[in-house]
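Novice: Return atomic coordinates for the entry below.
(one chain, ligands or ions: 2)
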Amino acid sequence: MNTPPQAGFLMNMDTLNTNNLKLAIQKQGRLTEETLEFLRKSGLEFESYKQRLFSSCRNFPLEILYVRDDDIPNYVASGTVDLGILGQNVLNEERPKVKKLLNLRYGFCSLTVAVPKESDVKDINDLKGQTIATSYPESTKKFFSENNIPVVVVSISGSVEITPALGVAQGIVDLTSTGSTLALNDLRALTKIYESESVLIANEQTLVNGKKDLLEKLVTRFKGVLSAKDYKYVMMNIPEDVVPKIKKIIPGLKSPTISPLASAGWVSVQTVIKEDVFWETIERLKKVGATGIIVLPIEKMII
Ligand code: PRT
Ligand code: ZN
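Specialist: Ligands and ions are numbered 1, 2, ... in the order given. Got it, this is the predicted structure:
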């Protein structure tokens, strides 16, 4: 997992504007595409064709640096860059001295304990004294020691899922998302150690130094994209006399916008509904007489 910093990358850092914010993201991997999409949704304009070491944003004083995800904690902690986007799992494993600012709602996965399908192991206690292979030795040791289960942890840098078949270990701890890698390797999940998603981290000095205001502006943009993901914009027609009931069902951010319709006794209501209560709210609205309900995605929402 740990690789030396790229020499070319550090040399090129000299050409960057020191007053600009610097954000490190994964160069090539599972988080790259969604991170670039997230940054673009935040209104940042930049080129990102492959083999670039960094990009300068055209419309915000920000340099984006492309690196291995394992290097991001060190670069942020040391102040080589101000910000980084990476999996929470990397933070849990390396525990760098950085400040986590936001969960970014993509790159979801779990650190999972798994054993061969045919194994006698029923729960984690049955792994006492057994060997566990993992690329996450720190998280694994912490988990088993907190559960008072002594195990031997073997650190493997990749393809952890094949180690039980090779006879190297009786169990593994690895990231899973769909679970298909476990199934393909005749393994079954026993338990999750933690869940992870991509996160934004910051250098502790950047939070208080001259770049603080810029950082706040950028974080406001990011929050706008994240809030938009959590809400839907809804328009509907309702009989005027049910307005008080509707107001109770959808308090909105402050209150819904209500405007009269051409047909007497009817009004149009516009509001936002939280994604996690979306369907139950729509059902309740229909029940009290809402019709012609139109739902639109929100691009950004600045609260
Ligand atoms: O080259 P670099 O060092 O930058 O990348 P990397 O190879 O170390 O990381 P990469 O690109 O594999 O993953 C980057 C980040 O994506 C991780 O740190 C996690 O935060 C996140 N992520 C989300 C995942 C997965 N889902 C995931 N499924 N990372 C890895 N996996 C692997 C897992 O290790 C296993 O091999 O996918 C396999 C399991 O997936 P399922 O879908 O079959 O369960
Ligand atoms: Zn990596």
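Novice: List phi and psi for the residue found closest to Leu16 once you drop the neighbours it is linked to in the chain.
Specialist: Sequence neighbours aside, Glu63 is the residue nearest to Leu16 in space, at 4.9 Å (criterion: CB to CB, 6 or more residues apart in numbering). (Each C-beta comes from the backbone N, C-alpha and C, glycine too.) The phi/psi pair for Glu63 (degrees, to the nearest 10) reads phi -110, psi 130.
Novice: Show the contacting residues for the closest residue to Lys300 other than its chain neighbours.
Specialist: The shortest distance from Lys300 to any non-neighbouring residue, by CB to CB, 6+ apart, is to Gly224 (4.1 Å). Contact analysis of Gly224 by CB atoms under 8 Å, 6 or more residues apart in numbering lists Ser42, Lys300, Met301, Ile302.
Novice: switch to 6 Å and redo it
Specialist: Applying CB atoms under 6 Å, 6 or more residues apart in numbering, we find Gly224 in contact with Lys300, Met301, Ile302.
Novice: From Arg105, how far off is the second one?
Specialist: In this structure, Met301 and Arg105 are 14 Å apart, going by CB to CB, to the nearest Å.
Novice: now swap in the last one and tell me
Specialist: Counting by CB to CB, the separation of Ile302 from Arg105 is 17 Å.
Novice: more crowded one of the two?
Specialist: A count of neighbours by other CB atoms under 10 Å puts Arg105 above the other of Ile302 and Arg105, at 15 against 9.
Novice: Correct me if wrong, but the more buried one is in a strand.
Specialist: No: Arg105 sits outside any strand when classified using DSSP: H, G, I helix; E, B strand; the rest coil, being coil.
Novice: Quick check, pLDDT for it.
Specialist: Here, the pLDDT recorded for Arg105 equals 95.
Novice: and what of Gly252?
Specialist: The model's pLDDT for Gly252 equals 63.
Novice: can you check Val152 too?
Specialist: As predicted, Val152 sits at a pLDDT of 98.
Novice: what pairs with the residue nearest to Pro137 when sequence neighbours are not counted across the strands?
Specialist: Distances taken as CB to CB, 6+ apart put Ser155 closest to Pro137, at 4.5 Å, once the chain neighbours are dropped. On the basis of DSSP bridges, Ser155 is bridged to Thr134.
Novice: wait, Ser155 sits on Ser135?
Specialist: No: contact criterion CB atoms under 6 Å: Ser155 and Ser135 do not qualify, at 7.1 Å.
Novice: Can you tell me who Ile172 pairs with across the strands?
Specialist: Counting by DSSP bridges, the residues bridging with Ile172 are Ala114, Ala133.
Novice: Nice, that's everything, thank you.
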